[in-house]
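>>> fold the following, please.
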Amino acid sequence: MGDFEEGMKYWRDAGHVARRTLEAMKDELQPGKTWHEIIEAAERFIHRHGGKPAFPGTIAVNNIAAHFTTEHTVSPPEGWEGDMVLQKGDLVKIDYGVHIKGHIGDNALSFEVGNTNNHTEQIKAAREARDAAIEMMHPGTPWHKVGEAAAQPSLDAGFQPIRNLCGHQLKPWVLHAGVSVPSYRCGPDHQGFKGVVEEGSVYAVEPFNTTGEQGLIKNMGLSNSSNIYRVTGATTSRKARAKKQLKPLGAQMARNLEERYETLPFAERWAYPMLEKPFPDADEASRQSKWNALVKKLVSIRFLETYHILACADDGMVGQFEHTVAVTSGGPEILTVE
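Below is the predicted model of the structure:
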């Protein structure tokens, strides 16, 4: 079995587990369920079925678009009014990633809680947008044609494609591997979407749409509000220690993060318990301030980056569907299938 074939086995296996997680969690999206319960159930499901989370389980309700996971105190995001509990009529996006030896399956769906039929058209348009984009994923197709295909179903149904949130190329251990996949009519001259669909590459295709008029998302809450981090790979704990950018304990923490998560995104609530061992007697407030100081330092030396919570810029309802696709000589192979 060649490298590519062996690699494809891992990509396919990760895709299967990602899809099974998504389908299983759809049944959990009931009125009265907390966001946190659903996130934790998804992450448990992934581990139980032989994968590891490629990023924290996320849930995005109504005008929230992406990158929200709970933190260890389970506090709502800055700017969210009310409890983090599903209500009848909510438009919910769940987005789960699974990796097997670094090979990633990334998929998402939109679902209406309690079948109130308020968001049926938008959900249908988002699903059709994903499928229309995938149909264009043949080797050599210019990216602007993929974007145009993705935009059409939403525009036809009266929704705006979101322009500043894109699909992305996947590589082993790298969730956002350089190439972005447009979901709107970016046109042939757009500098961000030059080039064509490449054979032998794997892409996450995820068009978002909105009831808002601008077709844009913005960072939600404070500029530093993020519960998701990633080790950038731009520097290492060893280099930072050698340059005296980190004290021994900070360097040890940084090394733990490298070893545990490589360069894949991780949740604050996964890493926060690391502080228990070095600070067994610290109370919650002092542990929290140590954590904040550590994160601030690691971001400032470009060891860590943060993922902001994203919401619709003009508070529209957001829809999304996503598949992971491998591009073969014969066209697209959807990997996130059961």
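
>>> tell me where the stretch 1-150 of the chain has strands.
52-53, 58-61, 64-66, 91-100, 103-112 (DSSP state E, counting those that start in this stretch).

>>> strand partners of the third one, parallel vs antiparallel please.
Paired neighbours of strand 64-66 in the sheet (DSSP bridges): strand 310-312 (antiparallel).

>>> contacts for the strand it pairs with?
Applying C-beta atoms under 8 Å, 6 or more residues apart in numbering, the contact partners of strand 310-312 are 63-67, 79, 162, 165, 210, 212, 216-220, 318. For glycine as for every other residue, the C-beta is placed from the backbone atoms N, C-alpha and C.

>>> with stretch 116-126 instead?
88-89, 91, 110-112, 153-154, 156-159, 207-209, 211, 317, 319-321.

>>> nearest to Arg260, of the strands of the stretch 1-150 of the chain?
strand 52-53 (10.3 Å; C-beta to C-beta).

>>> what's near enough to touch the residue lying farthest from the centre of the chain?
Distance from the C-alpha centroid of the chain, by C-alpha atoms, centre = their mean, peaks at Asp281 (35.2 Å). Shown in contact with Asp281 (C-beta under 8 Å, 6+ apart): no residues.

>>> give the buried residues for the longest helix seen in the chain.
In the chain, assigned by DSSP state H, the helix with the most residues is helix 3-26. Residues of helix 3-26 classed as buried by neighbour count (16 or more other C-beta atoms under 10 Å): 7-8, 10-22, 25.

>>> go through the residues you listed and name the one nearest His99.
Ala14 (5.7 Å).

>>> so what's the nearest residue to the closest one once chain neighbours are set aside bridging to?
Among residues not flanking Ala14 along the chain, Gly105 sits closest, at 3.8 Å (C-beta to C-beta, 6 or more residues apart in numbering). For Gly105, the beta-bridge partners are Val98 (DSSP bridges).

>>> wait, Gly105 touches Val17, no?
Yes: Gly105 is within contact range of Val17, at 6.5 Å (criterion: C-beta atoms under 8 Å).

>>> and the closest residue to Tyr184 other than its chain neighbours, how far from Ile94?
In space, and not counting its chain neighbours, Tyr184 is closest to Pro161: 4.1 Å by C-beta to C-beta, 6+ apart. Using C-beta to C-beta, to the nearest Å, one gets 20 Å for the distance from Pro161 to Ile94.

>>> over to Ser180?
Distance, Ser180 to Ile94, using C-beta to C-beta: 22 Å.

>>> those two: which is more packed in?
Ile94 (25 against 18; other C-beta atoms under 10 Å).

>>> residue contacts, that one?
22, 25-26, 29, 38, 42, 57-60, 108-109, 111.

>>> and if we set it to 10 Å?
Listed by C-beta atoms under 10 Å, 6 or more residues apart in numbering, the contact partners of Ile94 are 21-22, 25-26, 28-29, 35, 38-39, 42, 57-61, 107-111, 320.
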